[in-house]
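J.: Predicted model and sequence below, questions to follow.
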Amino acid sequence: MKAMLNNKGAILCATACGLAFLTSPFAYAANCSDMAATKLSGASVASAEPVPQGPLDVSYFGFLPSKVDVPAFCRIKGTAGISIGYELWLPQSSWNGRLLSLGNGGFGGALSTAGMADALVKGYAVTANDTGHQGNGRDWMGDPVQVRYWGHDATHLVTGPAKELIQSFYGTPAKFSYFEGCSTGGGQAMEEAEFYPDDYDGIVAGAPGMSYTHLMLSFLWGAKAADRPGGKIPPEGLKLLHQAVLDACDGQDGVKDGLISNPPACHFDPGTLACKPGQTSGCLSTAQVETARLIYQGPRNPRTGEQIYPGFAFGSEADPDATGPAASGPLAYGWGGIQGPLGEMFAFPLLRDMAYHDPKWDWHTFDWDKDVADLDRRLSADITAMNPDLRPFHAHSGKLILYQGWGDPLDAPTLEIEYRREVIKTFAQKAKDRHQATRTVDDFLRVFMAPGMAHCTGGPGPSRFDALAAVRAWVEDKTPPTRLIATTAVLPGENTTGLKPMSRPLCPFPQIARWDGHGDTDAAGSFRCVSAPQSK
């Protein structure tokens with residue numbers, strides 16, 4: 001999916017994240033230019049250049065270019081494996097002793113220098129990579145090595161060399177190593193936790209594209225749902241649907257605020273909006289009602305009824321108040337993308353070029369009964385991270401935070417909840433009972449669901465929070481995250497006139513935030529985390 005901004009902000013435990021360690025800079029640093037001659041295992045260094053303190057041109061994966069002030073650092077560029085382009089930025093002073101690896105977005109091909117600059121300012125030695133190919137072309141999809149780099153191996157193949165370079169530059173290894181990514185980067189995070197459990201001490205996986213093959217089928221399903229005559233729901237219809245859902249389900253957390261805190265407990269039938277005879281406005285046609293039902297349902301096998309991928313949550317239909325980039329375009333908040341554009345941008349090329357290697361492949365021919373298993377056979381081993389056996393990561397003492405927006409209009413949000421259940425089942429095989437297994441899993445894995453949050457950031461709900469600081473406190477201070485404090489996020493170019501500041505606690509699933517009944521409804525301190533029944 002299109003690269004999104006990294007979450008930033010503050011959380012309740014931010015002051016407990018090893019500040020004493022931060023105040024002890026490492027005095028030793030090699031000459032930056034000399035790093036170009038470093039010999040590595042499985043990688044090479046193409047250049048090593050000192051960058052002075054001051055403004056630096058950066059971008060988010062080639063988008064949203066800007067200038068930021070950075071401290072002096074050593075900028076290393078190189079190649080891992082056959083074709084994985086990577087960069088490693090090493091602070092010349094005040095290194096905090098930690099490695100941070102950043103995930104990618106969409107089909108890769110670039111890295112986020114803006115995200116690297118943000119990490120550098122915080123004192124990290126930071127690395128990122130292009131997932132094994134460069135640019136936005138699709139030729140790499142026909143190369144099984146590059147496909148596996150993108151979907152499975154790239155981060156791991158860069159991590160070892162990055163640690164070697166840190167040791168060489170500072171004369172000491174990184175004390176802690178972290179990974180943070182969202183969307184495709186979240187999928188990379190899960191690949192690391194599941195298959196390379198010794199690479200990182202703490203991992204943050206946001207809106208992870210962890211079941212990537214079936215995620216593409218979700219995009220295909222949305223295109224199919226809206227492809228019938230009159231089936232596409234226009235923006236005004238999506239706003240109507242969204243408001244009807246809020247009318248039915250807002251207030252579950254004790255306050256009506258335009259957010260649904262527990263969508264699985266929401267009961268709404270889009271058929272209530274069906275046009276009556278002679279009605280032409282303020283309603284949905286029969287075809288549009290069916291489209292809504294199919295998008296909520298998610299892709300299923302028509303013969304067996306088996307769920308192939310989760311459907312979208314109540315509350316993700318539209319943002320009636322959105323302006324700027326959040327209001328238009330194929331990746332806008334709401335169902336504009338899932339009704340076709342997401343398929344055209346991602347699912348169609350992936351299936352055509354990566355799975356079937358057929359430039360004439362027609363997505364209309366996909367057989368939802370027979371072709372799913374065949375697609376899994378072709379691709380899942382290389383691009384999917386749904387292995388629930390996290391016992392090696394737990395044995396490594398690793399900590400994992402997954403976060404997901406309930407309002408995500410790109411990635412149906414309950415996959416992380418289902419994955420957590422499967423992890424608990426795996427641990428229950430050796431535990432005395434399921435309760436013990438749940439306690440064990442909660443000791444290293446927590447899922448945070450964000451009401452109203454879109455894909456990685458944005459949306460009508462608070463979506464700016466610091467999950468990295470939370471996982472650091474968990475790893476270094478043994479302080480498990482009991483809540484993340486989320487605040488309103490503004491996307492570049494968005495109209496902030498009349499924007500209402502808001503903060504909310506994000507609670508570890510299965511808890512939700514509930515208003516205390518008397519405090520400021522826009523302040524996180526007025527909400528407490530409570531257990532909530534789940535219908536799914």
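T.: Right, received. Where do you want to start?
J.: Would you mind listing the residues in contact with the nearest residue to Ser261 once chain neighbours are set aside?
T.: Nearest residue to Ser261, sequence neighbours excluded (CB to CB, 6 or more residues apart in numbering): Asp253, at 4.0 Å. Any C-beta I mention is one placed from the backbone N, CA and C, and that applies to glycine too. Contact analysis of Asp253 by CB atoms under 8 Å, 6 or more residues apart in numbering lists Leu259, Ser261, Asn262, Pro451, Ile512, Ala513, Arg514, Trp515, Phe527.
J.: again, but for Leu220
T.: Shown in contact with Leu220 (CB under 8 Å, 6+ apart): Pro299, Gly343, Ala347, Phe348, Leu351, Trp363, Phe366.
J.: who's Tyr403 bridged to?
T.: When bridges are called by DSSP bridges, Tyr403 pairs up with Gly206, Phe448.
J.: For it, the count of nearby residues, please.
T.: 27 (other CB atoms under 10 Å).
J.: Look up how far His152 lies from it.
T.: Plainly put, Tyr403 is 22 Å away from His152 if you go by CB to CB, to the nearest Å.
J.: circling back: using TSV, lay out the contacts of Leu220 together with distance to Gln279, pLDDT and neighbour count.
T.: As requested, these are exported to TSV (distance: CB to CB, whole Å; pLDDT from 0 to 100; neighbours: other CB atoms under 10 Å):
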residue	distance to Gln279	pLDDT	neighbour count
Pro299	31	98	24
Gly343	31	97	26
Ala347	35	97	21
Phe348	36	97	19
Leu351	39	98	25
Trp363	34	97	16
Phe366	35	97	17
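J.: right, and Phe465 touches Thr488 too?
T.: No. Counting by CB atoms under 8 Å, Phe465 stays clear of Thr488, with 11.0 Å between them.
J.: And these two? Which one has more around it.
T.: A count of neighbours by other CB under 10 Å puts Phe465 above the other of Phe465 and Thr488, at 28 against 19.
J.: out of the contacts of Asp253, which are buried?
T.: Leu259, Ser261, Asn262, Pro451, Ile512, Ala513, Arg514, Trp515, Phe527 (16 or more other CB atoms under 10 Å).
J.: Can you pull the poorly scored residue ranges out of the chain?
T.: 1-29, 320-332, 490-500, 533-536 (pLDDT under 70).
J.: Got the domain ranges for it?
T.: 27-171, 214-382 (automatic domain parsing).
J.: For Asp477, which of those is the nearest?
T.: Proximity to Asp477 (CB to CB) singles out domain 27-171 among the domains of the chain, at 13.7 Å.
J.: From the chain's centroid, how far away is the closest one?
T.: 20 Å (CA atoms, centre = their mean, to the nearest Å).
J.: Repeat that for stretch 432-439.
T.: 28 Å.
J.: Please list the outside residues in contact with that stretch.
T.: Here stretch 432-439 makes contact (CB under 8 Å, 6+ apart) with Ile424, Lys425, Phe427, Ala428, Ala431.
J.: Also stretch 38-51?
T.: Contacts of stretch 38-51 (CB under 8 Å, 6+ apart): 32-37, 70, 72-81, 86, 92, 157-158, 160-161, 164-165, 168.
J.: Buried subset of these as a ChimeraX selection?
T.: Of these, the buried ones go into a single ChimeraX selection, burial set by 16+ other CB under 10 Å:
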select :32,35,70,73,74,75,76,78,79,80,81,86,92,157,158,160,161,164,165
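J.: So which of the contacts of stretch 38-51 belong to helices?
T.: Leu157, Val158, Gly160, Pro161, Glu164, Leu165, Ser168 (DSSP state H).
J.: List phi and psi for His396.
T.: For His396, the backbone dihedrals (degrees, to the nearest 10) come out as phi -80, psi 0.
J.: and it, what does it touch?
T.: Pro197, Asp198, Asp201.
J.: and the first one, how many residues sit next to it?
T.: Right, the one you point to is Pro197. As a burial measure, Pro197 scores 18 neighbours (other CB under 10 Å).
J.: Would you confirm that it contacts Leu400?
T.: No. With contact defined as CB under 8 Å, Pro197 and Leu400 do not form a contacting pair (10.0 Å).
J.: can you list residues touching both of those two?
T.: Leu390, Phe393.
J.: Stretch 175-194: which residues count as buried?
T.: 176-194.
J.: what separates that stretch from the chain centre, distance-wise?
T.: Per CA atoms, centre = their mean, the centroid offset for stretch 175-194 relative to its chain is 10 Å.
J.: do the same with stretch 352-363
T.: Distance, centroid of stretch 352-363 to centroid of chain: 27 Å (CA atoms, centre = their mean).
J.: Using CSV, list the CA coordinates for that stretch.
T.: What follows is stretch 352-363, C-alpha atoms only, in CSV (Å, rounded to 0.1, in the frame of the first residue of the first chain):
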residue,chain,number,x,y,z
ARG,A,352,-1.0,-10.8,-13.2
ASP,A,353,2.7,-10.3,-12.9
MET,A,354,3.8,-12.1,-9.8
ALA,A,355,1.4,-15.1,-9.5
TYR,A,356,0.4,-15.9,-13.1
HIS,A,357,3.1,-14.3,-15.2
ASP,A,358,0.4,-13.5,-17.8
PRO,A,359,0.1,-10.0,-19.2
LYS,A,360,-3.4,-10.9,-20.5
TRP,A,361,-4.8,-12.2,-17.2
ASP,A,362,-8.3,-11.0,-16.6
TRP,A,363,-9.3,-10.5,-12.9
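J.: how about that stretch: buried residues?
T.: Residues of stretch 352-363 classed as buried: Arg352, Asp353, Met354, Ala355, Trp361, Trp363 (neighbour count, 16+ other CB under 10 Å).
J.: Secondary structure and distance to Gly278 added to those, as a markdown table?
T.: Formatted as a markdown table, those follow (DSSP: H, G, I helix; E, B strand; the rest coil; distance: CB to CB, whole Å):
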| residue | secondary structure | distance to Gly278 |
| --- | --- | --- |
| Arg352 | helix | 44 |
| Asp353 | helix | 48 |
| Met354 | helix | 49 |
| Ala355 | helix | 47 |
| Trp361 | coil | 43 |
| Trp363 | helix | 37 |
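J.: quick one: which of those is nearest to Glu317?
T.: Nearest member of the buried residues of stretch 352-363 to Glu317, counting by CB to CB, is Trp363, at 23.8 Å.
J.: For Ser44, which three-state class applies?
T.: strand (DSSP: H, G, I helix; E, B strand; the rest coil).
J.: what pairs with it across the strands?
T.: Going by DSSP bridges, Ser44 forms beta bridges with Thr79.
J.: Now do it against Leu157, distance only.
T.: Applying CB to CB, the value for Ser44 to Leu157 is 12 Å.
J.: burial count for Pro50?
T.: 14.
J.: would it count as being in a helix?
T.: No. Secondary structure assignment (three-state DSSP) places Pro50 in strand, not in a helix.
J.: so what's the residue lying closest to Lys276 once chain neighbours are set aside up against?
T.: Sequence neighbours aside, Cys283 is the residue nearest to Lys276 in space, at 7.1 Å (criterion: CB to CB, 6+ apart). Applying CB under 8 Å, 6+ apart, we find Cys283 in contact with Leu240, Leu273, Ala274, Cys275, Lys276.
J.: and the fourth one, how far is that from Pro235?
T.: This points to Cys275. Distance of Cys275 to Pro235, computed by CB to CB: 17 Å.
J.: Equivalent analysis for Arg293, please.
T.: 19 Å.
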